[in-house]
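*Asks:* What would the 3D arrangement of this be:
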Amino acid sequence: MQTSGPEFWWAVGIGSVSLVAIGAAYILSIVFNQRRFISEQQRQLTAIQESEQKYRNLFENSQVGIVRVSLDDFRIWPRNLLIPGVSWGSHRPLRELRQRGRHHAVRR
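*Replies:* Have a look, this model is predicted:
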């Protein structure tokens, strides 16, 4: 086999160009997939932020008092402005609620 003829160099040149084209296509596909992934992540983040703002507005501007109480350790979670400083006093009613609702409570 002759390695110095024009056919050999044409084959090397065409093969090199083909490899460069395949590599460039592969790199471009990675770049476009990453851009698509980042765009989707940004869209999801925007949707979460809008949902959080909607919930926050609903919670803070509600016409009724809203409070969350943990039935496991009786902690009081965020409350809206209509319940500024609730003092629960005895935890007895909460303990009774916990015992009655143990089978019906939804755990998160």
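
*Asks:* what about the strands in this protein?
*Replies:* Secondary structure of the chain by DSSP state E: the strands cover 67-69, 76-79.

*Asks:* Considering those, which stretch scores lowest in mean pLDDT?
*Replies:* For the strands of the chain, mean pLDDT drops lowest on strand 76-79, to a mean of 68.

*Asks:* Tell me where the longest helix sits in this protein.
*Replies:* Assignment by DSSP state H gives helix 6-60 as the longest helix of the chain.

*Asks:* what helices or strands is it leaning on?
*Replies:* For helix 6-60, there is no helix or strand it packs on, judged by 3 or more CB pairs under 8 Å, 6 or more residues apart in numbering; DSSP states H and E. Every residue, glycine included, has its C-beta placed from N, CA and C.

*Asks:* and that helix, what's its mean pLDDT?
*Replies:* 92.

*Asks:* So this structure: which segments form each domain?
*Replies:* Using automatic domain parsing, the domain ranges for the chain come out as 1-61, 64-108.

*Asks:* who's the nearest residue to residue 75 once chain neighbours are set aside bridged to?
*Replies:* Counting by CB to CB, 6 or more residues apart in numbering, residue 69 is the residue found nearest to residue 75 once chain neighbours are left out, at 7.2 Å. Per DSSP bridges, the residues bridged to residue 69 are residue 76.

*Asks:* What distance do you get for residue 69 to residue 30?
*Replies:* 50 Å (CB to CB, to the nearest Å).

*Asks:* Comparing these two, which residue is more hemmed in?
*Replies:* Taking other CB atoms under 10 Å, residue 69 and residue 30 do not tie; residue 69 has more neighbours (17 against 10).
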